[in-house]
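Trainee: can't give you the sequence, but here's the structure:
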């Protein structure tokens with residue numbers, strides 16, 4: 001339990017515990033000696049008072065009264081004592097006692113004893129009549145001088161309470177003093193902690209750690225902390241330099257690979273058009289791999305430019321129109337999915353049209369690749385709260401729980417991946433959204449999943465509500481018109497390449 005407390009409280013509690021131990025030992029020794037001395041003084045005072053009374057006692061008998069000197073009541077008042085006198089036969093003498101004197105029994109022997117809560121001193125004295133001392137007549141008197149023990153016990157209790165209060169007060173003061181002393185002693189550590197938090201908050205490792213004046217352990221800690229910050233800063237700079245070189249290499253390599261890949265792709269398209277049989281199948285397989293490689297190179301180039309903070313030329317883009325074009329292109333990849341597009345008109349954003357096209361295309365292709373046949377995909381574009389909102393929703397099996405936290409990381413793949421994706425599609429979506437000042441989130445849809453991209457509307461569009469109704473387009477599975485258009489475009493491209501090669 002002590003280890004769970006802060007250092008300040010631990011130091012204060014240890015200091016208070018040591019003080020308590022010392023004060024308890026002091027109270028035990030001093031209290032014992034004081035109580036012993038009080039009781040000895042009480043016994044001595046009682047014995048001396050009884051002996052004094054014995055030496056000063058005189059009794060005269062008259063026919064009607066007994067005259068006793070000194071006055072017993074006055075003599076006993078000084079010590080709140082009780083006095084009784086007995087004759088030689090140990091019978092009480094009538095009128096020879098103080099008022100309310102307790103009956104402690106007949107005197108037996110001289111000395112001290114404790115009877116009925118009293119310290120009793122018994123004395124015996126032989127007296128002669130003061131009127132005729134030469135007559136030789138004597139009579140024996142027994143004296144009982146008693147003092148209540150509750151007086152001395154009350155004093156002992158007060159002493160013990162005083163000592164206990166002193167011990168508790170001393171312990172409490174030691175605790176408070178320990179807290180103050182620990183707080184003052186740990187002030188340099190507190191300054192180090194505050195500086196470390198400021199560095200963690202601002203990310204500025206060049207900030208200096210305050211150095212204590214005393215050359216102690218805390219000063220050594222501060223120097224070590226400074227050295228660690230310096231080493232971390234050097235390591236950060238080296239890592240940043242290496243990452244920058246890596247990003248530049250990826251960007252340069254991707255850029256340089258685009259030209260030869262385009263040439264290889266054109267040649268393979270010509271081969272697939274001219275070859276027949278097994279050679280054509282081999283050329284088509286190489287063509288598919290080359291297209292996938294070109295797509296991967298383009299993805300790597302886009303991510304590298306995003307990491308480097310490269311900003312492409314921006315213009316006002318209708319996000320709904322971009323979504324319709326991307327869905328039309330993605331529809332050719334699906335033989336068994338139906339895609340519906342709900343696009344509000346004039347949802348304008350400031351951005352790069354090609355990158356936004358890639359964003360929508362990746363989201364739709366991701367839904368096509370990772371959902372079973374006959375899955376419905378819904379793409380919606382609308383303006384909401386000053387943002388352009390693009391959502392791509394499907395009614396498939398949804399995202400596995402183990403992949404939800406890393407779905408937007410690079411090369412993150414689902415174990416159920418049937419299409420052999422590179423794992424860069426959603427990473428590109430996040431990079432493009434962030435590059436346009438927006439964000440992408442994954443939401444639950446029952447059933448399936450929903451990806452929502454929010455981008456800031458173009459200037460002047462945030463306060464303007466669209467007046468035209470939302471349009472709906474359906475891209476059915478295996479749309480023949482789209483395939484024929486795509487085939488025609490490919491044929492025109494091949495013809496243009498042949499003509500250029502002849503020239």
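Mentor: That came through fine. Remember, it's a predicted structure, so these values are computed and weren't measured experimentally.
Trainee: any low-confidence regions in the stretch 201-350 of the chain?
Mentor: Applying pLDDT under 70 to the stretch 201-350 of the chain picks out residues 205-206, 246-258, 292, 297, 299-302, 304-312, 332-335.
Trainee: that should have said the stretch 401-503 of the chain, apologies.
Mentor: The stretch 401-503 of the chain contains residues with pLDDT under 70 at 411-423, 445, 460-503.
Trainee: may I see the buried residues of the strand or helix carrying residue 67?
Mentor: For residue 67, the enclosing helix or strand under DSSP states H and E is strand 66-69. Across strand 66-69, burial judged by 16 or more other Cβ atoms under 10 Å covers residue 68. In this view, the C-beta of every residue, glycine as well, is placed from N, C-alpha and C.
Trainee: which other helices and strands does it contact?
Mentor: With contacts taken as 3 or more Cβ pairs under 8 Å, 6 or more residues apart in numbering; DSSP states H and E, strand 66-69 sits against strand 58-61, strand 92-97.
Trainee: okay if I get the ones you listed as CSV plus mean neighbour count?
Mentor: Listed next are the helices and strands packed on strand 66-69 as CSV, based on neighbours: other Cβ atoms under 10 Å:
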stretch, mean neighbour count
strand 58-61, 14
strand 92-97, 15
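Trainee: out of the ones you listed, flag the one nearest residue 402.
Mentor: Among the helices and strands packed on strand 66-69, strand 92-97 comes nearest to residue 402, with 101.3 Å by Cβ to Cβ.
Trainee: tell me which strands the closest one pairs with, and in which orientation.
Mentor: Strand 92-97 sits in its sheet next to strand 82-86 (antiparallel), going by DSSP bridges.
Trainee: and the contacts of the partner strand?
Mentor: Contact partners of strand 82-86, identified using Cβ atoms under 8 Å, 6 or more residues apart in numbering, comprise 53, 59, 68, 72, 75-76, 92-93, 96-98, 100-102, 104, 106-107, 118, 141-147.
Trainee: output the helices and strands packed on strand 66-69 as TSV; include the columns distance to residue 212.
Mentor: As requested, the helices and strands packed on strand 66-69 are exported to TSV (distance: least, Cβ to Cβ, whole Å):
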stretch	distance to residue 212
strand 58-61	85
strand 92-97	80
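Trainee: now the weakest link among the ones you listed, please, by mean pLDDT.
Mentor: Among the helices and strands packed on strand 66-69, strand 58-61 carries the lowest mean pLDDT, a mean of 78.
Trainee: from the contact counts, what lies against it?
Mentor: Using 3+ Cβ pairs under 8 Å, 6+ apart, strand 58-61 sits against strand 66-69.
Trainee: name the SS class of residue 399, please.
Mentor: Here residue 399 is recorded as coil under DSSP: H, G, I helix; E, B strand; the rest coil.
Trainee: contacts only, for residue 228.
Mentor: So residue 228 contacts nothing (Cβ under 8 Å, 6+ apart).
Trainee: that's a helix at it, yeah?
Mentor: Yes - applying three-state DSSP, one finds residue 228 inside a helix.
Trainee: look up how far residue 12 lies from residue 173.
Mentor: 11 Å (Cβ to Cβ, to the nearest Å).
Trainee: these two: which has the busier surroundings?
Mentor: Neighbours were counted for residue 173 and for residue 12 using other Cβ atoms under 10 Å; residue 12 has more, 22 against 12.
Trainee: my guess is the more buried one contacts residue 178. True?
Mentor: Yes - the criterion here is Cβ atoms under 8 Å, and residue 12 meets it with residue 178 at 3.4 Å.
Trainee: what's in contact with the strand holding residue 67?
Mentor: For strand 66-69, the surrounding residues in contact (Cβ under 8 Å, 6+ apart) are 56-61, 85, 93-96.
Trainee: for residue 74, the count of nearby residues, please.
Mentor: 9.
Trainee: whoops, residue 33 was the one
Mentor: Using other Cβ under 10 Å, the number of residues around residue 33 comes to 10.
Trainee: name the helix or strand for it, please.
Mentor: Assigned by DSSP H and E, residue 33 belongs to helix 7-56.
Trainee: packing partners for that helix?
Mentor: When contacts are defined as 3+ Cβ pairs under 8 Å, 6+ apart, helix 7-56 sits against strand 111-115, strand 118-127, strand 139-148, helix 149-185.
Trainee: among those, which is the most enclosed?
Mentor: Mean neighbour count (mean count of other Cβ atoms under 10 Å) peaks for strand 139-148 among the helices and strands packed on helix 7-56, with a mean of 21.
Trainee: pairing partners for that one, with directions?
Mentor: strand 82-86 (antiparallel), strand 118-127 (antiparallel).
Trainee: any chance of those strands in JSON lines, plus distance to residue 347 and mean pLDDT?
Mentor: JSON lines is the format used below for the strands paired with strand 139-148 (distance: least, Cβ to Cβ, whole Å; pLDDT from 0 to 100):
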{"stretch": "strand 82-86", "distance to residue 347": "111", "mean pLDDT": "93"}
{"stretch": "strand 118-127", "distance to residue 347": "107", "mean pLDDT": "91"}
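Trainee: redo those as a markdown table? Include distance to residue 34.
Mentor: As requested, the strands paired with strand 139-148 are exported to a markdown table (distance: least, Cβ to Cβ, whole Å):
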| stretch | distance to residue 34 |
| --- | --- |
| strand 82-86 | 27 |
| strand 118-127 | 19 |
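Trainee: closest to residue 195 out of the ones you listed?
Mentor: Once the strands paired with strand 139-148 are compared by Cβ to Cβ, strand 118-127 is nearest, at 71.7 Å.
Trainee: what's the offset of the closest one from the middle of its chain?
Mentor: 78 Å (Cα atoms, centre = their mean, to the nearest Å).
Trainee: tell me how many other residues surround residue 456.
Mentor: Neighbourhood size, residue 456 [other Cβ under 10 Å]: 16.
Trainee: ok, and the closest non-adjacent residue to it?
Mentor: In space, and not counting its chain neighbours, residue 456 is closest to residue 437: 5.1 Å by Cβ to Cβ, 6 or more residues apart in numbering.
Trainee: that neighbour: how many residues sit nearby?
Mentor: Other residues near residue 437 come to 13 when the count uses other Cβ under 10 Å.
Trainee: I'd assumed residue 454 was in contact with it.
Mentor: No - applying Cβ under 8 Å as the test, residue 437 and residue 454 come out as separate, 9.6 Å apart.
Trainee: shared neighbours, those two?
Mentor: Between them, residue 437 and residue 454 share no contacting residue under Cβ under 8 Å, 6+ apart.
Trainee: buried set for the strand or helix carrying residue 367?
Mentor: Element membership for residue 367, per DSSP H and E: helix 353-369. Across helix 353-369, burial judged by 16+ other Cβ under 10 Å covers 353, 355-369.
Trainee: picking up where we left off before, could you tell me which residues touch both of residue 12 and residue 178?
Mentor: Common neighbours of residue 12 and residue 178 (Cβ under 8 Å, 6+ apart) do not exist.
Trainee: show me what the residue lying closest to residue 387 once chain neighbours are set aside is bridged to.
Mentor: The spatially closest residue to residue 387, leaving aside those adjacent along the chain, is residue 454, at 4.5 Å (Cβ to Cβ, 6+ apart). For residue 454, the beta-bridge partners under DSSP bridges are residue 389, residue 439.
Trainee: no further questions, thank you.
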